[in-house]
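Participant: Need the 3D shape of this:
(chains A and B)
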Amino acid sequence: MQEIHGEKEGKSKKERTPMPEQPAEERIKNFNEVALGYAKEDALAEASRCLSCKEPKCVEGCPVNVDIPGFIKLICEEDFSGAIEKIKDTNALPAICGRVCPQETQCEAFCVLGKKGQPVAIGRLERFCADYERQQGVQVPEIPEPTGKKVAVVGSGPAGLTAAADLAKLGHKVTVFESLHKAGGVLSYGIPEFRLPKEIVQQEVDYIKQLGVEFKTNYVIGRIKTLDELCDEFDAVFLGTGAGLPSFMGIPGENLNGVYSANEFLTRVNLMKAYDPEYDTRVRVGKHVVVVGGGNVAMDAARSALRLGADEVSIVYRRGEDEMPARREEIEHAKEEGIIFRLLTNPVRILGDEKFNVTAVECIKMELGEPDQSGRRKPIPIEGSEFTIPADVVVIAIGTSPNPIIFKGTEGLEQNKRGTVVADEETGATSKCGVFAGGDVVTGSATVISAMGAGKKAAKAIDEYLKEK
Amino acid sequence: MVVDAPDVAKAAKAGQFIILRIDEKGERIPLTIADFEKDKGEVTVIFQEMGKTTKQLAKLSEGEFLEDFVGPLGTPSDIRKLGTVILVGGGVGVAPIYPQAKAYTRAGNRVISIIGARNKDLLILEDEMRNASSELYIATDDGSKGHHGFVTDIMKRILDSGEKIARVVIIGPPIMMKVGAQIASPYDVEILVSLNSIMVDGTGMCGGCRVTVDGKTKFTCVDGPEFDARKVDFVELMNRLAMYRNEEIKAVEKYEEECRCGLH
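Facilitator: Predicted coordinates:
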């Protein structure tokens, strides 16, 4: 008996505690969250798998270096408030990171348990702690004595929110400028409700407000004020304006009605709540939807289209599944929901009718050649393999670059060819004195957590800059 | 409608627009800035009751609030001393023409303005335009005021007169801008139009406002709203503006039904 028991334990140590989820056939009919979160028992079981390594590699894998074994140990002791405090020492947005971070390539990729079995589900535990805290009511930390220094943060996405929170905790007076009517950046307009409920984003924003940060929404820097004017009014400026300019393919038919950038499609659905008939903003609900691209944004758009009521949604991607930049979990979720993957396929033109509406996408088959600059094998078109996919809605999700509007009327801010801002990797310092930058505006489209990491580093550097000033 | 928005008023320039939202469930709609007073902190926008949002706007009383009012957006008009400029405004297109008339006059230009509407009751800003221009002509479709016909007829007459014209700016319904551009094209004159596209954010983020200019895709909200009229693909523009027409009609019907039932 004992042996059997031992074997069971051994097995449970190898495999992670499963995440309760809405079944695929249910969830495609609603915009509610797919992953439901651990119950206390699940969290305790999963936390007990952690080996509390003396030299934890997982922490190195985290862009904001959360003390992972530390907070997991507190979960084991059922001190959930202690656990969330530990996380919040370095991460201002745990409810968001626990949901959208690519843990499998970060912290969890370094977990020792992953060598022989499954790594500890660090992200799920982080989410558990954050959700626990939200249910209990969030504690507002003590705000330190004001330093008298004023910092402007441009953009309220993950980079800006993190920088704002850290700077406020250091006693600086922070004002966040957001161009849209709601704070959160991509967390509000881009990532869908079923992956990141907007209520959670709002609560994280409210937490940062409680730290004394002022938010000015509907405020487009570059139009209402220039960056130079902000430099005059504030002691330092952090640019976290992201990569909000959508790329198009430049193929014929791309301006037909029914062709959306992923930004527009997702903004209509998420920020403007086009899925809710009570709201005035509309989005075209396709019968046959084609989404072009292989990243998380493409998965989000495809899964949103399905939930809006499309009969068939396919993802068209020019490389193979292994090359897809999307998170494994998102690809699996999309497949479970019935999204069709048309891999090694690339659109060549979009066809429309006499009323200017999309009717089909003409594609060409691709094969993989030698690795290109990105290290991935380069897709090459197979001549004569053209075919058409019927479509009444097409969503282009092939990436974004920084929005140039911020640079209007400003001088001395060095940018590289792709339109990104040149900034020091460690400090976020730009070529312009007192201006720091981080997140997608520096790197081009990347992840929420890497933007947060950059916001964090910049906040530290800004604090040092202000002390010396 | 005059809106108290000091920061917007301070930064506004002729040719720019704002985006507003009436309430939490409302859509974001772009409206051109018709006037702004930096000292008073006021911005004037003029709208025509067309869709649900503009019908709701018309019901607001003095002292009420808008949920959101963001601006100024768009690239300001390139206004400098050119010589003689013809400004053509049709319908609510007269609203965006008005700040341009003031700005061109202030820059030392001779401003010939031509404004029109379907009938005299729909004609807006007549006195303001007269004050802001060197010459003012009026046209109405039904002949109830001024020239019986189109604003573009008067424009052609002036272009034919041989007077040296540096620039023509035409703002109004897309069909009027298309026709105006065609008429003015053969003349040696710069022709600008200001486009009003479907937008969500107005900052270059969604691309819903894309328009083909000189064979290239441009975003009306950041690259425009003013473009070289000879290069604009007006057919595409008009088709794109029709994208949500059925939904708009349904939304208006539903709203008016609810109004009748006393729900608004």
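
Participant: quick one: low-confidence ranges for the chain?
Facilitator: Picked chain A for this. Scanning chain A for pLDDT under 70 picks out A:1-12.

Participant: that's the wrong chain, I meant chain B
Facilitator: Judged by pLDDT under 70, the stretches of chain B that qualify are B:263-264.

Participant: what residues does chain B put near chain A?
Facilitator: Chain B has residues B:7-8, B:11, B:16, B:21, B:25-28, B:52-53, B:67-73, B:200-201, B:203-208, B:210-212, B:217, B:222, B:236, B:239-240, B:242-244, B:247, B:251 near chain A, with proximity defined as Cβ under 8 Å from any Cβ of the partner chain. Where C-beta positions appear, they are placed from N, C-alpha and C, glycine not excepted.

Participant: try 7 Å this time
Facilitator: B:7-8, B:11, B:21, B:25-27, B:52-53, B:68-70, B:72-73, B:200-201, B:203-208, B:210, B:212, B:217, B:222, B:236, B:239-240, B:243-244, B:247, B:251 (Cβ under 7 Å from any Cβ of the partner chain).

Participant: measure the closest residue to A:Pro102 other than its chain neighbours to B:Asn131 for me?
Facilitator: Of all residues not flanking A:Pro102 in the chain, A:Arg327 sits nearest, at 5.0 Å (Cβ to Cβ, 6 or more residues apart in numbering or on different chains). Counting by Cβ to Cβ, to the nearest Å, the gap from A:Arg327 to B:Asn131 is 62 Å.

Participant: Who has more neighbours out of the two?
Facilitator: Applying other Cβ atoms under 10 Å in any protein chain shown to A:Arg327 and B:Asn131 shows that A:Arg327 carries more neighbours, namely 19 against 13.

Participant: Got the domain ranges for chain B?
Facilitator: B:2-73, B:84-194, B:198-222+B:234-263 (the TED database).

Participant: Figure out which of the ones you listed is closest to A:Asp463.
Facilitator: The closest of these to A:Asp463 is domain B:2-73. By Cβ to Cβ, the value is 28.6 Å.

Participant: who does the lengthiest helix in chain B touch, helix- and strand-wise?
Facilitator: What stands out as the longest helix in chain B, according to DSSP state H, is helix B:245-260. Identification of packing neighbours for helix B:245-260 by 3 or more Cβ pairs under 7 Å, 6 or more residues apart in numbering or on different chains; DSSP states H and E yields helix B:52-59.

Participant: and the helix it packs on, C-alpha only, in PDB?
Facilitator: Extracted C-alpha coordinates of helix B:52-59, given in PDB (Å, rounded to 0.1, in the frame of the first residue of the first chain):
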ATOM      1  CA  LYS B  52     -27.700  57.900 -33.300                       C
ATOM      2  CA  THR B  53     -24.800  59.800 -31.600                       C
ATOM      3  CA  THR B  54     -25.500  63.100 -33.400                       C
ATOM      4  CA  LYS B  55     -29.200  62.800 -32.600                       C
ATOM      5  CA  GLN B  56     -28.300  62.200 -28.900                       C
ATOM      6  CA  LEU B  57     -25.900  65.200 -29.100                       C
ATOM      7  CA  ALA B  58     -28.700  67.400 -30.300                       C
ATOM      8  CA  LYS B  59     -30.700  66.600 -27.200                       C
END
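
Participant: So which elements touch it?
Facilitator: Taking 3+ Cβ pairs under 7 Å, 6+ apart as the contact cut, helix B:52-59 packs with helix B:245-260.

Participant: in the helix it packs on, what counts as buried?
Facilitator: B:247-248, B:251-252, B:255 (16 or more other Cβ atoms under 10 Å in any protein chain shown).

Participant: Tell me the one among the residues you listed nearest to chain A.
Facilitator: Nearest to chain A among those is B:Glu247, at 4.6 Å by Cβ to the nearest Cβ.

Participant: which non-adjacent residue is nearest the closest one?
Facilitator: A:Arg282 (4.6 Å).

Participant: Looks like that neighbour contacts B:Glu248 (just checking).
Facilitator: No. Contact criterion Cβ atoms under 7 Å: A:Arg282 and B:Glu248 do not qualify, at 8.3 Å.

Participant: Quick check: neighbours shared by those two?
Facilitator: Common contacts of A:Arg282 and B:Glu248 (Cβ atoms under 7 Å, 6 or more residues apart in numbering or on different chains): none found.

Participant: quick one, helices of the stretch 51-200 of chain B?
Facilitator: B:52-59, B:94-106, B:126-132, B:151-160, B:174-184 (DSSP state H, counting those that start in this stretch).

Participant: Just say which of the ones you listed is most tucked in.
Facilitator: Of all those, helix B:94-106 has the most neighbours on average by mean count of other Cβ atoms under 10 Å in any protein chain shown, namely a mean of 24.

Participant: okay, the angle between that helix and helix B:151-160?
Facilitator: 20 degrees (axes from the mean of the first three to the mean of the last three Cα atoms, to 10 degrees).

Participant: what sits up against helix B:94-106?
Facilitator: B:14-15, B:32-35, B:46, B:77, B:79, B:85, B:87, B:89, B:111, B:113, B:115, B:124-125, B:128-129, B:132-133, B:169, B:171, B:194.

Participant: For the residue in the stretch 351-469 of chain A that chain B sits nearest to, give me its contacts.
Facilitator: Nearest residue of the stretch 351-469 of chain A to chain B (Cβ to the nearest Cβ) works out as A:Phe356 at 3.6 Å. Shown in contact with A:Phe356 (Cβ under 7 Å, 6+ apart): A:256-257, B:239.

Participant: Tell me where the stretch 51-200 of chain A has strands.
Facilitator: A:150-154, A:173-177 (DSSP state E, counting those that start in this stretch).

Participant: partners of the last one, with directions?
Facilitator: With DSSP bridges as the test, strand A:173-177 is paired with strand A:150-154 (parallel), strand A:214-216 (parallel).

Participant: With chain B in mind, check whether the helix or strand containing A:Val291 reaches it.
Facilitator: Using DSSP states H and E, A:Val291 maps to strand A:288-292. No. Using Cβ under 7 Å from any Cβ, strand A:288-292 stays clear of chain B, with a minimum separation of 13.8 Å.

Participant: next structured bit after that strand?
Facilitator: helix A:296-308.

Participant: Could you identify the helix or strand that succeeds that next one?
Facilitator: strand A:312-316.

Participant: ok and that next one relative to helix A:296-308, angle-wise?
Facilitator: Using the same axes, to 10 degrees: strand A:312-316 against helix A:296-308 is 170 degrees.
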